[in-house]
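Undergrad: build me a model from this:
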Amino acid sequence: MQRDADALRDAGVTGVTVRLETPRGTVTARSGVGDLVTRRAVSKDGYLRLGSTTKTFVATVVLQLVGEKRISLDQTVEQLLPGVVSGAGNNGRTITVRDLLQHTSGLSDYIYDVFPDPSAQTYFANRWRAYKPEELVALAMRHEPAFPAGTRWAYSNTNYVLAGMIIEKITGRTWEQQVHNRILRPIGLEHTDTPGTWPFLPHPHTANYQQFTVDGPMVDTTIPYRPFDSGADGSMTGTARDLNRFFIALVNGRLLKPAELVPDQVTFALL
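TA: The predicted structure follows:
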């Protein structure tokens, strides 16, 4: 495992931490540096952005609601969020909850609207701006769908923004509140949070860097680009220890019953 962590470092990742938990024990590996200025070591069990793994938490809540008979995977977006998915050929009457969870909706990904020019200049100019979920969906609705719902697969963050909106519509509480009440507290994830648009990671954490151009400078992007990944599609933070605990609880049936964990023709979105 140390060899593979070093390989990631050699490929250009500035700081790497790996945690493997098995019945025989826990193995960890670190490589690289915590930041390029001080060259400090990578944090032990430091905080990190869970990014699109947030979608798995959201999907878990949706499937819990399915198990409680409060919604159905075959319900349409129009039934749950009337008038939200419409315009430019988009039709919420043809898109189901199942389509949202498994990325078969055909809906445009809003990130191309909020980050059309993925450059360092755009990052610094717009990184503090935040959008409401309804605003992000409205941006996506300006574009025609890539294909009729259910006929193909294409990753779109818009799907999980809508999933978060559905959770709130059905329960009367935000997806963040539901994740805390249904997942984080019951299984004791004390170092996992839903910070929304709050841009700062708790300490300790390793700095994040991005190269916007080939052979260009490493830009410190530890402060996220808030126009995207600030909601149900990717805003959560946590630790590797907590994330492992979540997935262990998920596959062991502590969060979902077997029929909910692998419902017919539904796949979890991890990335």
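
Undergrad: which residues are contacting stretch 88-100?
TA: By C-beta atoms under 8 Å, 6 or more residues apart in numbering, the list of residues contacting stretch 88-100 from outside reads 62, 66, 71-78, 80-86, 104-107, 140-145, 148-150, 159-160, 162-163, 166, 265-266. Using the backbone N, CA and C atoms, a C-beta is placed for each residue, glycine as well.

Undergrad: run the last query once more with 7 Å
TA: The set of residues external to stretch 88-100 that reach it, using C-beta atoms under 7 Å, 6 or more residues apart in numbering, is 62, 71, 73-78, 81, 84-86, 105, 107, 141-145, 148-150, 159, 162-163, 166, 265-266.

Undergrad: ok, stretch 31-45 next?
TA: Residues external to stretch 31-45 that are found in contact with it (C-beta under 7 Å, 6+ apart): 5-6, 8-9, 13-17, 30, 204-207, 209, 218, 239-241.

Undergrad: buried subset of those, written for PyMOL?
TA: Entered in PyMOL, the line below selects the buried ones among the contacts of stretch 31-45, by 16 or more other C-beta atoms under 10 Å:
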select buried, resi 5+8+9+14+15+16+17+30+205+206+207+209+239+240+241
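
Undergrad: could you list the low-confidence segments of the stretch 1-150 of the chain?
TA: Scanning the stretch 1-150 of the chain for pLDDT under 70 picks out nothing.

Undergrad: just the strands from it, written as ranges.
TA: Taking DSSP state E, counting those that start in this stretch to define them, one finds strands in the stretch 1-150 of the chain at 15-22, 25-32, 47-49, 86-87, 90-91.

Undergrad: so for Thr192, which of these sits nearest?
TA: When these are compared by C-beta to C-beta, strand 47-49 sits nearest Thr192, at 9.4 Å.

Undergrad: elements contacting the closest one?
TA: Other elements packing on strand 47-49 under the criterion 3 or more C-beta pairs under 7 Å, 6 or more residues apart in numbering; DSSP states H and E are strand 237-239.

Undergrad: neighbouring contacts of stretch 125-134?
TA: Contacts made with stretch 125-134 from outside it, assessed by C-beta under 7 Å, 6+ apart, are listed as Val114, Val161, Gly164, Met165, Thr197, Ile223, Tyr225, Arg226, Pro227, Ser230, Gly231.

Undergrad: with respect to His180, which of those residues is nearest?
TA: Gly164 (13.6 Å).

Undergrad: phi, psi of the closest one?
TA: Backbone geometry at Gly164, expressed as degrees, to the nearest 10, gives phi -60, psi -40.

Undergrad: how much space separates Val33 from Gln210?
TA: The gap separating Val33 from Gln210 is 16 Å, by C-beta to C-beta, to the nearest Å.

Undergrad: neighbour count for the two, which is higher?
TA: When Val33 is set against Gln210 and neighbours are counted by other C-beta atoms under 10 Å, the residue ahead is Val33, at 18 against 14.

Undergrad: from Phe246, how far off is that one?
TA: Val33 sits 28 Å away from Phe246, taking C-beta to C-beta as the criterion.

Undergrad: likewise for Val161?
TA: From Val161 over to Phe246 (counting by C-beta to C-beta), the distance is 21 Å.

Undergrad: okay, those two: which has more neighbours?
TA: Between Val161 and Phe246, Val161 has the larger neighbour count (other C-beta under 10 Å), namely 29 against 22.

Undergrad: please identify the helix or strand for the more buried one.
TA: Assessed by DSSP states H and E, Val161 sits inside helix 157-171.

Undergrad: how far off centre is that helix?
TA: In terms of C-alpha atoms, centre = their mean, to the nearest Å, the centre of helix 157-171 is set 13 Å apart from its chain centre.
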